[in-house]
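> 3D model of this:
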Amino acid sequence: MKQLANQFFSLSAERRRVAFLFLAKRALDSWQIHFPKDSHFEYREAVTGSTQILEIDLPLNAIKEIESITFDVSVTSHYREPIAALQDGDLELPEQVEFAYYGIYNAHQLLRKSTSIKEELILSQLLSALQSGAAEQALHDAITCGEAY
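Sure, this is the predicted structure:
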């Protein structure tokens, strides 16, 4: 896996962008398995006691923005509350699903150049969102998918 990671980081910036998008879509699969279309999920904020609704389509919207290369502040702003809730322990997700949520968000932030997040962290999050045993193949596929680009 380390050799594949080295290959990934030796790709050009544009090829890494394509590869990150590929991996974000794979991570989205994990998200959508847990939250199928039209799912509804609420959580309670401990500080205020208010009930919040998790926007199930938010990771998909982030990926759509990456694909279109047009970025809207609303995707970033809609992520803020759930990320704070995850960090505070008010929102709990299965580990793979949480990695998908963070990985897609961080890829979105990196690719819209709004943050200086480490690419290694994003790669780790996106791969950790995948079913066990699938990460190495996904990384290989992500590296080679940009060849056709």
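> off-centre distance for stretch 98-111?
Mean-position distance between stretch 98-111 and its chain equals 3 Å (CA atoms, centre = their mean, to the nearest Å).
> swap in stretch 6-13?
19 Å.
> any idea how far the closest residue to residue 41 other than its chain neighbours lies from residue 32?
Excluding the flanking residues, the one nearest residue 41 by CB to CB, 6 or more residues apart in numbering is residue 54, at 4.4 Å. Where C-beta positions appear, they are placed from N, C-alpha and C, glycine not excepted. Plainly put, residue 54 is 14 Å away from residue 32 if you go by CB to CB, to the nearest Å.
> thought the residue nearest to residue 41 was touching residue 42?
Yes. Using CB atoms under 8 Å, residue 54 makes contact with residue 42 at a distance of 7.1 Å.
> more crowded one of the two?
Each of residue 54 and residue 42 has its neighbours counted (other CB atoms under 10 Å); residue 54 has more, 17 against 9.
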